[in-house]
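>>> Can you look at this prediction? I've put the sequence above it.
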Number of protein chains: 2
Amino acid sequence: LREWQKGLAAEFEKARENRNFLPGFSFPASLHVVYDMDEALAEVATAVLAVPSQVLPAYLGQIPDHAVPTCDWVIATKGLDERTGERMSVLVRRRWPNARIAVLAGPSLAREVAASQPTTVLAASEDAECAERVRSLFHGRHFRVYTSDDIVGVEIGTAVKNVIALAAGIVDGMGLGANAKGALLTRGLAEMTRFGLAHGAKQQTFLGLAGVGDLVTTCSSSLSRNRSLGEAIGKRIAPEKALSAMDQVAEGVPTTRSVVRRARELGVEMPIAEQVYQVLFEGLDPKEALRRLMERPPRKEGEIR
Amino acid sequence: LREWQKGLAAEFEKARENRNFLPGFSFPASLHVVYDMDEALAEVATAVLAVPSQVLPAYLGQIPDHAVPTCDWVIATKGLDERTGERMSVLVRRRWPNARIAVLAGPSLAREVAASQPTTVLAASEDAECAERVRSLFHGRHFRVYTSDDIVGVEIGTAVKNVIALAAGIVDGMGLGANAKGALLTRGLAEMTRFGLAHGAKQQTFLGLAGVGDLVTTCSSSLSRNRSLGEAIGKRIAPEKALSAMDQVAEGVPTTRSVVRRARELGVEMPIAEQVYQVLFEGLDPKEALRRLMERPPRKEGEIR
């Protein structure tokens, strides 16, 4: 890992941009590229964790203990631990029980943020002072930050929306239209909410930026990797093939695995996530998956949630 | 009105399609075109009201009293009375206090319904038996109908979403991106909900097909007249000019007027609807309207609702 980090840092320093993931946006002059954690965290007031969820545990192992209590940790990683289904802040908290932790989340496609397009997000923390410090640090003219005290709901909404985005992409790929997508998002939001409530999240959060806001943005933009992957699958490209054609991580894939496993354990009904799981990992035909979702028996609206 | 109806009926009968509003979709052979209300309502079990909100009162005046108690009235009209801000079912109820009334609403762009693309909607009524009759009559393989007992919430969500769609179109027209649109829809949903709660609607409804579902569909499709009108305005075409270029009604325009008037009366905070109102009717520059929405002071998320 360290050798790879060293190579990447050299590449970033030379190009002064991230050519793989955000080409065309030069680093600001004030940005210093380092790969050594000790160097990175020396006298730092705020540290942002923004690696994919699958490698976060390995990164946490590199962070020197002495750096932890001196700064605010801002988690920008979206997803649940693939093995345990745990939220990212739980992993950080377990390693350092006294760390000051906030999550930065909401409808924030990276390319649009880099291009200074107007973006509104949440800084969520159980520690109101930490949330406020992070809010005021990141808040600016084009990047509006609100605070939230529901870190559980914000992390779950942010993670699970990628599963629904895969389903929305499948609907797009099959050309089913905007009516079908509106119905899917409605039921997807209900699933996200149910899953969150079972983890102690607040319902209100799913009506907010990290719920409906992030869901709408992710499910409608061609910049979303998860939606695009779903679209390829909807066009009958095999999931393994569609996945290997991507140069970036689609967080929704491991998240689908961990969400469905947790939902089954907890007895939370998540029919959309179940169908996405079977399409991704059990070879189910997407058309059959959609048919199963559509042909559930008609009932009173409240009951479908 | 009757002469115009007579001419339209003759035109429909000759073409066997609605060339203005739904070209390319032939009427089924079982569809009979009539313009005389007495003839239309003779021995009818279910009547669908599907005229624009502005002309519904005039149509109600034509319906013979004796026809009313014998059938279920299904309101497909979306909007609020331009003058009084009242829901369509209130107008029908006032004219015939004992009428059996249901509202059919949800993400259902007409062209997609006509093309048999999968669509999911609600039949809402205070009378559970009426809702169930309408549900089972309309329910089919491509058109799924659920019931709801919150006619107030369904009518308000369906109407107010067109105001938010105008705003979403403005965001699209200005090229502000998916992050901005996700944030706008989140706050738009909160406004719709607040307005509904002030009228006795159930919060749950705004999380459902007539709330978030209809909102997402309307705000994302190029088939939505309200979104398209907003887009033209966002591209700096003057509202009057953009409106006169449309051959169809954009329900969001009169609805904006009645919603903003009612919100002011009731003291319900609706900043997005207010800005849309000022752009449409008071010559406010859309860029300035967006700036005002974006630059509201940062607070805790719960407080912005």
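Received the coordinates, thanks.
>>> from here on, contacts and neighbour counts on C-alpha atoms
Will do.
>>> mind listing the helices in the stretch 51-200 of chain A by residue range?
For the stretch 51-200 of chain A, the helices defined by DSSP state H, counting those that start in this stretch cover A:56-62, A:88-95, A:110-114, A:128-138, A:151-173, A:178-197.
>>> which SS state does A:T205 fall under?
Following DSSP: H, G, I helix; E, B strand; the rest coil, A:T205 is assigned to helix.
>>> Identify the residues contacting it.
A:150, A:153-154, A:157, A:211 (C-alpha atoms under 8 Å, 6 or more residues apart in numbering or on different chains).
>>> For ChimeraX, write the selection for the buried entries among the residues you listed.
Remark: buried members of these, expressed as a ChimeraX selection using 16 or more other C-alpha atoms under 10 Å in any protein chain shown:
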select /A:150,153,154,157,211
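>>> got CSV for the contacts of A:T205, with distance to chain B too?
Listed next are the contacts of A:T205 as CSV, based on distance: C-alpha to the nearest C-alpha, whole Å:
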residue, distance to chain B
A:D150, 10
A:G153, 13
A:V154, 11
A:G157, 14
A:G211, 9
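>>> circling back to that earlier point, and the helices of the stretch 51-200 of chain A, which is most packed in?
Ranked by mean neighbour count under mean count of other C-alpha atoms under 10 Å in any protein chain shown, those are led by helix A:151-173, which reaches a mean of 28.
>>> okay, the angle between that helix and helix A:178-197?
Orientation check (axes from the mean of the first three to the mean of the last three C-alpha atoms, to 10 degrees): helix A:151-173 against helix A:178-197 gives 160 degrees.
>>> I'd guess A:G211 is in a helix, am I close?
Yes. Judged by three-state DSSP, A:G211 forms part of a helix.
>>> Kindly confirm whether my reading is correct that it touches A:A159.
No. At 9.9 Å, A:G211 does not count as touching A:A159 under the criterion of C-alpha atoms under 8 Å.
>>> mind putting the helices of the stretch 51-200 of chain A in JSON lines, mean pLDDT included?
Supplementary listing: those in JSON lines, determined by pLDDT from 0 to 100:
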{"stretch": "helix A:56-62", "mean pLDDT": "91"}
{"stretch": "helix A:88-95", "mean pLDDT": "94"}
{"stretch": "helix A:110-114", "mean pLDDT": "95"}
{"stretch": "helix A:128-138", "mean pLDDT": "97"}
{"stretch": "helix A:151-173", "mean pLDDT": "97"}
{"stretch": "helix A:178-197", "mean pLDDT": "96"}
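>>> In the stretch 151-300 of chain A, where is pLDDT below threshold?
Applying pLDDT under 70 to the stretch 151-300 of chain A picks out residues A:247, A:296-300.
>>> So which residues on it come close to chain B?
Applying C-alpha under 8 Å from any C-alpha of the partner chain, we find that the stretch 151-300 of chain A lies next to chain B at A:176-187, A:190, A:204, A:207-209, A:212-217, A:220-221, A:294-295, A:298-300.
>>> One more: the stretch 1-150 of chain A?
Taking C-alpha under 8 Å from any C-alpha as the contact definition, the stretch 1-150 of chain A meets chain B at A:107-109, A:112, A:117-120, A:122, A:141, A:144-148.
>>> Of the residues you listed, which belong to strands?
A:119-120, A:122, A:144-148 (DSSP state E).
>>> In contact with the residue most central in space within chain A, which residues?
With distances taken as C-alpha atoms, centre = their mean, A:K78 lies nearest the centre of chain A, 2.8 Å away. By C-alpha under 8 Å, 6+ apart, A:K78 lies in contact with A:52-53, A:88, A:155, A:158-159, A:251.
>>> what number of residues lie near A:P28?
Neighbour count for A:P28, taken as other C-alpha atoms under 10 Å in any protein chain shown: 9.
>>> Span of stretch A:143-155 from start to end?
19 Å (C-alpha to C-alpha, to the nearest Å).
>>> about what we covered before: out of the helices of the stretch 51-200 of chain A, which is closest to A:P271?
A:P271 lies closest, by C-alpha to C-alpha, to one member of the helices of the stretch 51-200 of chain A: helix A:178-197, at 8.0 Å.
>>> about what we covered before: pLDDT score for the residue nearest to the centre of chain A?
At A:K78, the model reports a pLDDT of 91.
>>> Could you do A:E303 as well?
pLDDT at A:E303 comes out at 48.
>>> hang on, the earlier thing: wait, which of the ones in strands among the residues of the stretch 1-150 of chain A next to chain B is closest to B:P286?
Nearest member of these to B:P286, counting by C-alpha to C-alpha, is A:T119, at 17.7 Å.
>>> Pairing-wise in the sheet, spell out the partners of that closest one.
Counting by DSSP bridges, A:T119 forms beta bridges with A:F143.
>>> wait, isn't it in contact with A:R144?
Yes. Using C-alpha under 8 Å, A:T119 is in contact with A:R144, at 6.1 Å.
>>> Tell me which of those two has more neighbours.
A:T119 (27 against 20).
>>> Identify the residues contacting that one.
Contacts of A:T119 by C-alpha under 8 Å, 6+ apart are A:107-108, A:112-113, A:142-144, B:179-180, B:183.
>>> Tell me the spacing between it and B:L166.
Applying C-alpha to C-alpha to A:T119 and B:L166 gives a distance of 19 Å.
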